[in-house]
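Peer 1: what follows is a protein structure lacking sequence information:
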């Protein structure tokens with residue numbers, strides 16, 4: 001299975017390691033934000049990964065012209081996950 005960092009790099013069309021630490025930090029921040037909302041962050045779960053992709057893509061770099069749209073997608077998915085019984089922290 002492809003590592004989450006590598007999936008994010010592919011999504012961002014990055015082939016080198018120059019931004020690896022920023023990407024790893026964004027993945028960690030997203031996971032913490034989801035956990036703070038009471039969401040059980042399951043490794044390999046497609047919806048959790050999609051939320052991470054939206055978060056990383058929205059927050060990567062400076063002056064992202066698509067920030068609002070991507071952040072809105074992330075927040076909407078986060079709210080949906082928080083309301084789903086399948087994702088509640090036990």
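Peer 2: Structure's in. What do you need? Keep in mind it's a predicted model, so treat the numbers as computed, not measured.

Peer 1: and the residue nearest the centre of the protein?
Peer 2: For the chain, residue 52 is the residue whose C-alpha lies nearest the centre (Cα atoms, centre = their mean; 1.2 Å).

Peer 1: give me the element that one is part of.
Peer 2: helix 46-59 (DSSP states H and E).

Peer 1: and for residue 69?
Peer 2: helix 67-83.

Peer 1: show me what that helix is packed against.
Peer 2: Judged by 3 or more Cβ pairs under 8 Å, 6 or more residues apart in numbering; DSSP states H and E, helix 67-83 is in contact with helix 20-36, helix 46-59. Using the backbone N, CA and C atoms, a C-beta is placed for each residue, glycine as well.

Peer 1: list the buried ones in the shortest one?
Peer 2: The reference is to helix 46-59. 48-49, 51-59 (16 or more other Cβ atoms under 10 Å).

Peer 1: sorry, back to before: the inter-axis angle of the helix holding residue 52 versus helix 20-36?
Peer 2: 120 degrees (axes from the mean of the first three to the mean of the last three Cα atoms, to 10 degrees).

Peer 1: and the contacts of helix 46-59?
Peer 2: If you take Cβ atoms under 8 Å, 6 or more residues apart in numbering as the criterion, helix 46-59 is touched by 4, 7-8, 11-12, 23, 26-27, 29-31, 33-34, 39, 41-42, 64, 66-67, 70-71, 73-74, 77-78, 81, 87.
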